[in-house]
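Trainee: Sequence and predicted structure, then a few things I'm wondering about:
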Amino acid sequence: QKEVEQNSGPLSVPEGAIASLNCTYSDRGSQSFFWYRQYSGKSPELIMSIYSNGDKEDGRFTAQLNKASQYVSLLIRDSQPSDSATYLCAVLLLYNFNKFYFGSGTKLNVKP
Amino acid sequence: DVKVTQSSRYLVKRTGEKVFLECVQDMDHENMFWYRQDPGLGLRLIYFSYDVKMKEKGDIPEGYSVSREKKERFSLILESASTNQTSMYLCASSGQGDTGELFFGEGSRLTVL
């Protein structure tokens, strides 16, 4: 079983819609959770971090964490074509040398 | 802003050559990482280091070695490059603690002929 699982997509949404990206993780010792966006040919860039159960909002982005269900999600409101990218979910295991585990990413296409 | 700099964006090497990929970060981060990224396989951890001269194997260390002689610099070495090491290589760094986000360099695309 992989440490972090994501649906590879592609997920297609029309411009202006809400895009919902999901991620599950296997290690209950995971303590911090991150969403990275990666454009084709570029390196990942951090867009959201979340450390406790509940929702965290930053502009059009909302991260949601449910540690009991081992589930983290990212909502993108008012999706724009410029949001088209691959979104990587990552978890941090502090007890394991601050090691990060990444999902394989979900490709998002926002259609004009 | 955190800056992670990788020395080469694009490299072309021949099978059997020794390859050095250099990475420097300017935020005094304790942790540094080398990943490779391949289509369909995602990011895979090769090696990481949590202190000067300390290193730990990641998920795919075979065929690679690393060096961390100074806190800001983490080098990835391919002792004898092979065609299956053609990939995008990403260096990253993070600080200590549970808010230690991972910051990436721009990547080095290596082609081994």
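Mentor: Looks like it arrived, so ask away. Numbers count the residues shown, from 1 in each chain, chains lettered A, B, ... in the order given.
Trainee: Where does pLDDT dip in chain A?
Mentor: Across chain A, the ranges flagged by pLDDT under 70 are A:1, A:94-97.
Trainee: The helix or strand hosting residue B:44: partners in the sheet, and parallel or antiparallel?
Mentor: Take DSSP states H and E as the rule and residue B:44 turns out to sit in strand B:42-51. Strand pairing for strand B:42-51, using DSSP bridges, gives strand B:31-38 (antiparallel), strand B:54-57 (antiparallel).
Trainee: Same question for the first one: list its buried residues.
Mentor: If I follow you right, that is strand B:31-38. For strand B:31-38, burial by neighbour count (16 or more other CB atoms under 10 Å in any protein chain shown) applies to B:31-37. All C-beta atoms are positioned from the backbone trio N, CA, C, and that covers glycine.
Trainee: who's in contact with the strand holding residue B:44?
Mentor: With contact meaning CB atoms under 8 Å, 6 or more residues apart in numbering or on different chains, strand B:42-51 is reached by A:44, A:88, A:97-100, A:102-105, B:30-38, B:55-61, B:64-66, B:68, B:71, B:74, B:76, B:89-90.
Trainee: again, 7 Å this time
Mentor: Defining contact as CB atoms under 7 Å, 6 or more residues apart in numbering or on different chains, one finds that strand B:42-51 is touched by A:88, A:97-99, A:102-105, B:30-37, B:55-61, B:64, B:66, B:68, B:74, B:76, B:90.
Trainee: Repeat that for stretch A:41-53.
Mentor: A:32-38, A:56, A:58, A:61, A:63, A:65-67, A:72, A:74, A:88, B:90, B:98-99, B:101, B:104-107.
Trainee: Quick check: beta-bridge partners of residue A:50?
Mentor: residue A:33.
Trainee: How many neighbouring residues does it have?
Mentor: 19 (other CB atoms under 10 Å in any protein chain shown).
Trainee: would you turn the strands paired with strand B:42-51 into TSV with mean pLDDT?
Mentor: Shown next, in TSV, are those (pLDDT from 0 to 100):
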stretch	mean pLDDT
strand B:31-38	94
strand B:54-57	92
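Trainee: Let me know which of those strands is the nearest to residue B:4.
Mentor: strand B:31-38 (8.6 Å; CB to CB).
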